[in-house]
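Q: Kindly return the folded structure for what I paste below:
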Amino acid sequence: MDNEEFLQKLGQKIRILRKNRRLSQEKLAIELECDQGYLSRIETGKANPSAVYLKQIADSLDLDIRELFNFTI
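A: Modelled structure (predicted):
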């Protein structure tokens with residue numbers, strides 16, 4: 001898997017987990033104190049978030065960070 005594919009899969013996983021918790025991008029962005037556009041770019045695989053930022057996303061979704069990297073759905 002190349003970097004682009006990895007970021008796309010990571011973004012898809014974040015989107016699925018966010019929607020499973022019935023959170024809009026806007027609400028999650030507010031909780032993360034970030035721009036909704038940045039969150040959108042993460043979910044579409046166009047941004048490469050830092051490890052710390054991924055931890056914040058996992059914490060906001062009440063998940064262990066490892067769950068973000070489990071691409072089997």
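
Q: Give me the residue ranges of the chain where confidence is low.
A: 73 (pLDDT under 70).

Q: What ranges does it have for its strands?
A: Read by DSSP state E, the chain holds no strands at all.

Q: Let me see the ranges of the helices in it.
A: Here the chain has its helices, by DSSP state H, at 3-20, 25-32, 36-43, 51-60.

Q: Could you give me the buried positions within the second one?
A: Just to be clear, that refers to helix 25-32. Buried residues in helix 25-32, counted by 16 or more other C-beta atoms under 10 Å: 25, 28-29, 32. Using the backbone N, CA and C atoms, a C-beta is placed for each residue, glycine as well.

Q: Pull the distance from it to the chain's centre.
A: Mean-position distance between helix 25-32 and its chain equals 11 Å (C-alpha atoms, centre = their mean, to the nearest Å).

Q: Check the third one too.
A: Computed by C-alpha atoms, centre = their mean, the chain-centroid distance of helix 36-43 equals 8 Å.

Q: what packs against it?
A: helix 3-20, helix 25-32 (3 or more C-beta pairs under 8 Å, 6 or more residues apart in numbering; DSSP states H and E).

Q: First-to-last residue distance for stretch 61-71?
A: One end of stretch 61-71 to the other measures 16 Å (C-alpha to C-alpha, to the nearest Å).

Q: distance of the residue nearest in space to the middle of the chain from Phe69?
A: When C-alpha atoms, centre = their mean is applied to the chain, the residue found nearest the centroid is Ile14 (3.4 Å). Ile14 sits at a distance of 11 Å from Phe69 (criterion: C-beta to C-beta, to the nearest Å).

Q: show me what contacts the closest residue to the residue nearest to the centre of the chain other than its chain neighbours?
A: In space, and not counting its chain neighbours, Ile14 is closest to Glu43: 5.6 Å by C-beta to C-beta, 6 or more residues apart in numbering. Glu43 sits next to 11-12, 14-15, 18, 25 when contact means C-beta atoms under 8 Å, 6 or more residues apart in numbering.

Q: Fine by me, thanks again.
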